[in-house]
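K.L.:
okay, here's the prediction I keep looking at, along with the sequence it came from:
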2 protein chains.
Amino acid sequence: MNTESEDRFAVVYVRLKDGVLDPQGSTIERALDDMGYQGIKQIRSGKIFEITFREDGGGKPEELIDEICRKLLTNPVIEKFNFEIVK
Amino acid sequence: MNTESEDRFAVVYVRLKDGVLDPQGSTIERALDDMGYQGIKQIRSGKIFEITFREDGGGKPEELIDEICRKLLTNPVIEKFNFEIVK
């Protein structure tokens, strides 16, 4: 994470849509159960992308993020995303 | 995500520590550059875990999350985490 300059900074959160199977989450649930943690009902996994923009990037970060999320960072068939512009 | 009941719900955010190499992030940076997106300086990847607790789980969710993060969900050598209890 590069925060010492004036670069814009954003965080994208990618989650599986409701109903989509999550093998990673299920595996963690089983592992926790095996380890004796009975208090957990469900675990769903997702991804974070922290994006630092160039100062001279131009354009609106919101539109750029939306575009690269749809084209590269997520699979829109099974994943949903939201993001926040941190600065 | 199960939100219709009274179950406690928390979100854990796992990120690589500063200075740790992030091959996934680097690959995405290169891919975006190849796709013509010049406005992005750096991408760092991370993970999300959405945790639903059992109603009768007992104990403090904060302590449970901290423990399972250290024991299973993260590699404390290279990753850092934070979490929020959503409800």
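P.N.:
Okay, I see it.

K.L.:
anything in stretch A:23-37 near chain B?
P.N.:
Yes. Applying C-beta under 8 Å from any C-beta of the partner chain, one finds stretch A:23-37 in contact with chain B at A:Gly25, A:Ile28, A:Ala31, A:Leu32, A:Met35, A:Tyr37. Just so you know, the C-beta spots here come from the backbone N, C-alpha and C atoms, and that holds for glycine as well.

K.L.:
so what touches that stretch?
P.N.:
A:Ile40, A:Gln42, A:Ile43, A:Arg44, A:Ser45, B:Phe49, B:Leu64, B:Ile68, B:Lys71, B:Leu72, B:Leu73 (C-beta atoms under 8 Å, 6 or more residues apart in numbering or on different chains).

K.L.:
swap the cut-off to 6 Å and go again
P.N.:
In this structure, residues lying in contact with stretch A:23-37 by C-beta atoms under 6 Å, 6 or more residues apart in numbering or on different chains are A:Ile40, A:Ile43, A:Arg44, A:Ser45.

K.L.:
wait, which of those residues is closest to chain B?
P.N.:
A:Arg44 (4.3 Å; C-beta to the nearest C-beta).
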